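# requesting a structural model of the entry that follows:
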Amino acid sequence: MGIIGNLTELRVLSLRMNALQGPLPPDLGPCADLRNLYLYGNAFSDEIPMSLFSLTNVVRLDLVANNLSGEISMSFNKLDRLKTLYPQENSLSGAILDLTQKLISLMCPSIN
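Alright, predicted model coming up:
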């Protein structure tokens with residue numbers, strides 16, 4: 001397990017504008033109390049790891065302006081508490097299914 005996975009009581013993780021690159025950390029899953037995840041403005045690449053979908057308490061997820069790619073996973077539907085999702089300025093494809101019923105605020109849902 002990496003460093004982030006050891007932070008099991010973490011509630012907010014803000015890595016905005018840090019020029020981080022490579023895939024998203026695969027060890028996010030153990031951060032079960034994470035509520036807000038801000039990854040805006042980095043160079044994260046590859047697909048969204050499945051471990052992200054075990055963050056069932058996440059309320060706000062900001063993925064804007066990275067290099068994420070691949071299909072939008074149906075696993076987003078597992079994030080029952082998700083209220084705000086910012087997926088734009090990535091290379092994601094597909095539809096965000098069933099989320100509009102769950103989300104109070106889906107900001108700028110265009111996917112580039």
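# for this protein, just list every one of the strands.
Assigned strands in the chain, in chain order: 12-14, 21-23, 36-38, 43-46, 60-62, 67-71, 84-86, 91-93 (criterion: DSSP state E).
# now for the fifth one, which elements pack on it?
Under the contact definition 3 or more Cβ pairs under 8 Å, 6 or more residues apart in numbering; DSSP states H and E, strand 60-62 sits against strand 36-38, strand 84-86. No exception for glycine: its C-beta is placed from N, CA and C like everyone else's.
# one more: the second one?
Under the contact criterion of 3+ Cβ pairs under 8 Å, 6+ apart, strand 21-23 touches strand 43-46.
# which parts of the strand it packs on are buried?
For strand 43-46, burial by neighbour count (16 or more other Cβ atoms under 10 Å) applies to residue 44.
# pairing partners for it, with directions?
Strand 43-46 has the following strand partners under DSSP bridges: strand 21-23 (parallel), strand 67-71 (parallel).
# okay, the longest one in CSV with CA atoms only?
Taking C-alpha atoms only, strand 67-71 is exported to CSV below (Å, rounded to 0.1, in the frame of the first residue of the first chain):
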residue,chain,number,x,y,z
ASN,A,67,-5.1,13.6,-19.1
LEU,A,68,-7.5,10.9,-18.0
SER,A,69,-8.8,8.6,-20.7
GLY,A,70,-11.0,5.7,-21.3
GLU,A,71,-14.7,4.9,-20.9
